[in-house]
Every structure is written in C-alpha cells, then in structure tokens.
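1. Quick check, what structure comes out for this input:
(one chain, ligands or ions: 1)
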Amino acid sequence: MHIESATSSQLVEWEKELSVHYERICQHELSLDITRGKPSAEQLHLSDKLDGILATDYRAADGTDTRNYGGMTGLSCARALGADLLQVPTEEVMAGGNSSLTLMYHAVLTGYLFGFAGNVPWRALESPKFLCPVPGYDRHFTICEQLGIGMLAIPLGKGGPDMECVEKHVREDGDIIGIWCVPKYANPTGITYNRETVERLAQLGQIANPGFRIFWDNAYAVHDLGPSINLASIRAATLENDTVDSVLQFASTSKVTHAGSGIAFVSASSANLDSLKLQMQAMTIGPDKVNQLRHSRFFTECTTLEEHMHKHASILKPKFECVLEHLQNALGDSGMGQWEKPRGGYFVSFNTRPGCAKAVVGLAADAGVKLTPAGATFPYGNDPEDSNIRIAPSFPPLEELDTAMSVFVLCVQLASVRQRLA
Ligand code: PLP
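-> Reported below is the predicted structural model:
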C-alpha cells in the first residue's frame with residue numbers, strides 16, 4: 001500500500017503489525033554492521049599473492065633499489081599503474097603511500113598554507129570555502145571542517161553537481177577555493193558525471209579565483225559492477241579550456257588490492273605537483289617503494305587490472321542485488337523512500353521521507369544493525385531534509401547482509417508509518 005493513500009485506521013493497524021515484528025527482531029540481539037565501504041575478506045584474498053611476490057628481488061626495472069630512501073614521486077612502474085587508473089600520462093602522476101585521503105589532506109593543506117602554483121594561500125582569504133556536492137563523502141567534509149575551511153552544499157543530480165549553482169557561487173564569490181568531486185560511481189549515490197558536467201567543471205578555472213582547485217577523487221574509476229560507464233576526461237577538457245592547473249585528480253588501489261596497504265595516486269599539472277611535493281618533502285623522504293614494486297609485479301605477473309576488477313565485481317554484484325531486492329520488495333511503490341541502482345562503486349544511497357532518516361538509523365541501531373549516522377553525507381553532518389542514508393553492502397557476508405536489509409526495510413516502514421501518525 002502507498003503510505004499516502006492509507007487511512008488513519010489503516011495506519012494504526014499497520015503500525016501495530018510492524019511494531020510486533022520489530023519487537024520480535026529486537027529480541028534476536030543481532031550485531032550487524034553496514035556502515036563503512038570496506039572490501040570483504042573474500043575480496044581481500046584476491047590480492048594475497050602480493051605477499052612474498054618480490055622473493056627478495058627488490059630492484060625495479062629501472063634499477064632502483066626499492067628498499068632505500070628517496071623518490072618523492074614514486075617508482076615509475078607504480079606511477080604507470082596510477083596513469084592506467086586515471087587515464088593520464090605517467091609523467092603527471094605521483095605514487096604515494098597507502099591512502100589517497102592522505103594525499104587529498106596534504107593537497108588541501110598545501111593550498112591552505114602555501115597556495116598552489118604561486119597563488120595566494122587560501123588562509124589569506126577572508127572566508128575560504130569549498131563547494132560540496134551532496135550527498136557526498138563524509139571524510140572530504142571532515143578535512144575542510146578540521147582546517148576551518150567553510151563548506152557550501154551543492155545539489156548532486158543524476159549527471160553530477162548542479163552546475164548553474166556551482167557557476168553562480170564561483171562567479172560571485174572569490175573565496176570559493178575548491179570543489180569536492182567523486183566523478184564516477186559517486187559515494188554515496190553511485191552516479192557518474194556526464195560529459196556536459198565535466199566540460200563545465202573544466203571551464204571553472206576561467207572564472208574562479210586563480211587558486212581554485214577541483215578535487216577530482218576518482219576512487220571508483222575501475223569499480224564497475226557490469227559494463228563500465230565512460231567518464232569524460234577532465235584532463236582533456238582542461239587542456240581545451242586552458243585550465244590545466246585547476247584540477248587535482250586522485251585514485252588508489254585501496255579497493256583494488258588490500259585496503260589498508262595499497263598505493264595512492266595524485267595526478268596534476270607539473271606546477272601543482274611541484275607545490276604539493278614542496279609541502280610533502282618536509283614531511284617524508286619518499287613513499288614505500290617496496291609496496292609499490294609489489295603492486296607493479298602483481299599486475300604484471302599474477303593478473304591484469306581488468307581481470308582483477310571482474311573478480312571483485314562477481315563478489316560484489318550479488319550483494320548489491322540483495323540490497324536492491326529488499327528495497328524493491330518491501331518499499332517499491334510505497335512512497336517510503338527513493339534510491340538509485342548503482343552500476344559500480346561501493347554504496348547504495350537511500351532517501352527516506354523527509355524527517356525520517358535519524359529515526360530509521362535509531363530504530364536499526366536498537367535492533368542491532370549499525371548504519372552510517374544520518375546526516376554523515378552532508379557538510380557538518382547536517383542533512384537539512386533528514387533523509388539520506390548510505391548503505392554499504394560490501395563488507396558483511398551475503399547472509400548477514402540479507403538479515404541486515406530485512407531489518408533496514410522494516411525500520412523504514414515503521415519510521416514512515418509512525419511519522420504519518422504523529
Ligand atoms: N575517496 C572516496 C570517495 C572514498 O569513498 C574512499 C573510501 O571509502 C576514499 C577516498 C578513501 O581512499 P583511500 O583508501 O585511498 O584513502
């Protein structure tokens with residue numbers, strides 16, 4: 001039944017039935033977690049041959065002894081892997097440590113403290129701000145919040161951020177110094193930016209503060225669940241618009257090999273990379289090249305990137321199907337929520353009726369199912385509609401996910417019916 005067409009007495013009956021069901025589930029004392037987008041143990045096993053692959057042969061093809069200090073930009077074979085992920089020339093890639101988030105943090109710090117490519121440091125501005133397409137990745141927002149950089153929420157549609165809104169802010173406010181973008185299989189909505197959006201973003205460098213930078217976090221560049229969606233090249237678009245300095249691209253192997261011990265990449269113009277290196281050189285003598293070599297050997301001796309990602313997809317696909325089936329079966333045509341069917345990435349984004357997300361997360365927690373806190377996908381944790389919930393299906397085994405989702409949809413039903421009764 002559609003919730004809007006239920007009469008008061010039907011709602012009362014419905015609430016009673018759902019409450020009985022809910023109380024019964026609470027007695028099971030479940031302890032399930034669909035919060036963070038972590039790869040499952042089965043996915044991690046796919047890369048276990050990394051261990052021992054060097055067999056004491058630590059020399060890279062270019063003769064570098066990877067055990068020693070040095071090489072701020074990373075091994076050339078590792079940079080080539082980053083170039084393959086980001087579809088850019090190897091010379092424009094720096095291969096770092098295990099986390100692209102760390103590189104993003106350093107890039108923001110570089111812009112804030114020193115400025116990129118000779119531009120005024122952001123801290124010299126009156127109120128430096130990032131544009132934040134929402135819902136988005138909570139950890140991007142945490143970086144800004146920690147450094148005291150303001151954030152403006154921008155609606156994210158099916159083809160990317162609302163570009164009218166982005167352009168208006170950039171044109172009217174010289175203190176806009178960046179935008180967070182997850183252009184492919186976005187966290188959490190799973191959408192991929194369309195060509196027009198990519199082109200309009202690439203043109204921002206013509207109207208923005210010269211220190212403005214697009215943080216192009218392509219974390220899910222190769223994480224397809226089926227046929228890949230083609231993301232237009234932001235690099236090519238900036239070359240056409242003479243705005244190459246306006247973009248920094250990021251990726252990592254965190255959800256390709258071992259999440260905690262992969263390689264992170266940043267790709268940018270030489271002026272931007274020089275600024276970043278200057279900041280990072282004070283902090284490190286170089287990245288873990290032994291791990292970089294292990295990855296390079298893994299993708300030449302054991303598998304190809306494409307073959308490897310297919311194996312991930314075959315593990316992840318049934319989990320996404322499980323989530324979508326639960327949503328469709330319990331909530332389809334109910335008016336209790338909306339969701340997208342992602343074609344890649346790590347998340348399913350669910351929107352409750354306005355004002356219900358916190359209640360759903362609370363009910364689920366009391367029933368033993370941990371969800372990402374409501375609001376986490378918005379700057380300052382503030383979802384003005386109290387509606388968005390991020391579901392992360394990758395980590396739990398399928399059976400646990402199935403149970404967690406049956407609890408989730410029940411909580412959505414209960415919170416929605418109770419809201420209508422209130
Ligand atoms: N960027 C996005 C959009 C993510 O979803 C994640 C992890 O969930 C990361 C970055 C973290 O990447 P890394 O492990 O390379 O720091």
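2. contacts and neighbour counts: CA atoms only from here.
-> OK.
3. all strands in the protein, in order from the N-terminus.
-> Assigned by DSSP state E, the strands in the chain fall at 32-34, 93-95, 129-134, 150-157, 160-161, 176-181, 213-217, 247-252, 264-267, 337-339, 348-352, 369-371, 388-391.
4. is it possible to export the ones you listed to TSV including distance to the ligand?
-> Putting these into TSV (distance: least, Cα to the nearest ligand atom, whole Å) gives the following:
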stretch	distance to the ligand
strand 32-34	13
strand 93-95	11
strand 129-134	12
strand 150-157	14
strand 160-161	14
strand 176-181	8
strand 213-217	6
strand 247-252	5
strand 264-267	6
strand 337-339	18
strand 348-352	12
strand 369-371	15
strand 388-391	11
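5. Turn those into CSV, including mean pLDDT.
-> Output for the strands of the chain, formatted as CSV (pLDDT from 0 to 100):
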stretch, mean pLDDT
strand 32-34, 94
strand 93-95, 98
strand 129-134, 98
strand 150-157, 98
strand 160-161, 98
strand 176-181, 98
strand 213-217, 99
strand 247-252, 98
strand 264-267, 98
strand 337-339, 97
strand 348-352, 98
strand 369-371, 97
strand 388-391, 98
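6. Can you say which of the ones you listed is nearest to residue 2?
-> Closest to residue 2 of these, according to Cα to Cα: strand 337-339, at 10.9 Å.
7. Each with direction, which strands does the closest one pair with?
-> Partner strands and pairing direction for strand 337-339 (DSSP bridges) are strand 348-352 (antiparallel).
8. interface residues of the stretch 151-300 of the chain facing the ligand?
-> Within the stretch 151-300 of the chain, the positions adjacent to the ligand are 182, 187, 217, 219, 252, 254, 264 by Cα under 6 Å from any ligand atom.
9. Specify which member of the residues you listed is nearest to residue 289.
-> residue 264 (11.9 Å).
10. how about the closest one, what does it touch?
-> 82, 95-100, 103, 250-254 (Cα atoms under 8 Å, 6 or more residues apart in numbering).
11. Go again with 6 Å.
-> Residue 264 makes contact with 95-100, 251-252, according to Cα atoms under 6 Å, 6 or more residues apart in numbering.
12. Which one, of the strands of the chain, ends up nearest to residue 1?
-> Among those, the nearest to residue 1 by Cα to Cα is strand 337-339 (13.3 Å).
13. Okay, and the beta partners of residue 371?
-> Note on residue 371: beta-bridge partners by DSSP bridges are residue 34.
14. What's the end-to-end length of stretch 105-120?
-> End-to-end distance of stretch 105-120 (Cα to Cα, to the nearest Å): 18 Å.
15. Please see if it touches the ligand.
-> No. On the criterion Cα under 6 Å from any ligand atom, stretch 105-120 is out of touch with the ligand, staying 9.7 Å away.
16. quick one: buried residues of that stretch?
-> 105-112, 114-117, 120 (16 or more other Cα atoms under 10 Å).
17. same deal with stretch 121-128?
-> Across stretch 121-128, burial judged by 16+ other Cα under 10 Å covers 121-123, 128.
18. For the ligand, tell me which of those show up nearby.
-> Among the buried residues of stretch 121-128, none lies close to the ligand by the criterion of Cα under 6 Å from any ligand atom.
19. State the mean pLDDT of stretch 408-415.
-> The average pLDDT for stretch 408-415 rounds to 98.
20. Give the residue spans of the stretch 101-250 of the chain that score low on pLDDT.
-> Of all residues in the stretch 101-250 of the chain, none has pLDDT under 70.
21. In it, which residue sits nearest the ligand?
-> Ranked by Cα to the nearest ligand atom, the top residue of the stretch 101-250 of the chain for proximity to the ligand is residue 101, at 3.8 Å.
22. ok, now the stretch 301-422 of the chain?
-> Closest contact between the stretch 301-422 of the chain and the ligand, by Cα to the nearest ligand atom, is at residue 346 (7.5 Å).
23. ok, that residue - contacts?
-> Neighbour list for residue 346: residue 37 [criterion: Cα under 6 Å, 6+ apart].
24. list the contacts for residue 144?
-> Contacts of residue 144 (Cα under 6 Å, 6+ apart): none.
25. Please repeat the previous calculation with a cut-off of 10 Å.
-> By Cα atoms under 10 Å, 6 or more residues apart in numbering, residue 144 lies in contact with 105, 108-109, 128-130, 150-151, 379-380.
26. Please apply the same query to residue 133.
-> Residues near residue 133 by Cα under 10 Å, 6+ apart: 151-157, 160-162, 166, 179-182, 377-379.
27. Buried only: go through the residues you listed for me.
-> The neighbour count (16+ other Cα under 10 Å) marks 151-157, 160-161, 166, 179-182, 377-379 as buried among the contacts of residue 133.
28. got the residues of the stretch 1-150 of the chain near the ligand?
-> 37, 99-101, 137.
29. With neighbour count as extra columns, can I get the contacts of residue 264 in a markdown table?
-> Output for those, formatted as a markdown table (neighbours: other Cα atoms under 10 Å):
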| residue | neighbour count |
| --- | --- |
| 95 | 33 |
| 96 | 27 |
| 97 | 20 |
| 98 | 23 |
| 99 | 21 |
| 100 | 25 |
| 251 | 27 |
| 252 | 29 |
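30. Identify the farthest-apart pair in the residues you listed.
-> Among the contacts of residue 264, 97 and 251 lie farthest apart (Cα to Cα), at 11.6 Å.
31. shared neighbours of these two, anything?
-> 103, 263-265.
32. Include distance to residue 213 when you put those residues into a markdown table, please.
-> Listed next are these as a markdown table, based on distance: Cα to Cα, whole Å:
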| residue | distance to residue 213 |
| --- | --- |
| 103 | 14 |
| 263 | 23 |
| 264 | 19 |
| 265 | 17 |
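33. ok, back up a step: looking at the residues of the stretch 1-150 of the chain next to the ligand, which are in helices?
-> Among these, DSSP state H puts 100-101 in helices.
34. Of the residues of the stretch 1-150 of the chain next to the ligand, which is the nearest to residue 239?
-> Nearest to residue 239 among those is residue 100, at 24.0 Å by Cα to Cα.
35. what's the closest non-adjacent residue to the closest one?
-> Closest residue to residue 100 apart from its sequence neighbours, by Cα to Cα, 6 or more residues apart in numbering: residue 264 at 4.6 Å.
36. From residue 397, how far off is that neighbour?
-> Using Cα to Cα, residue 264 is found at 27 Å from residue 397.
37. got it, and residue 69?
-> For residue 69, the distance to residue 397 equals 41 Å [Cα to Cα].
38. ok, back up a step: isn't the residue of the stretch 101-250 of the chain closest to the ligand up against residue 250?
-> Yes. Counting by Cα atoms under 10 Å, residue 101 touches residue 250, with 8.6 Å between them.
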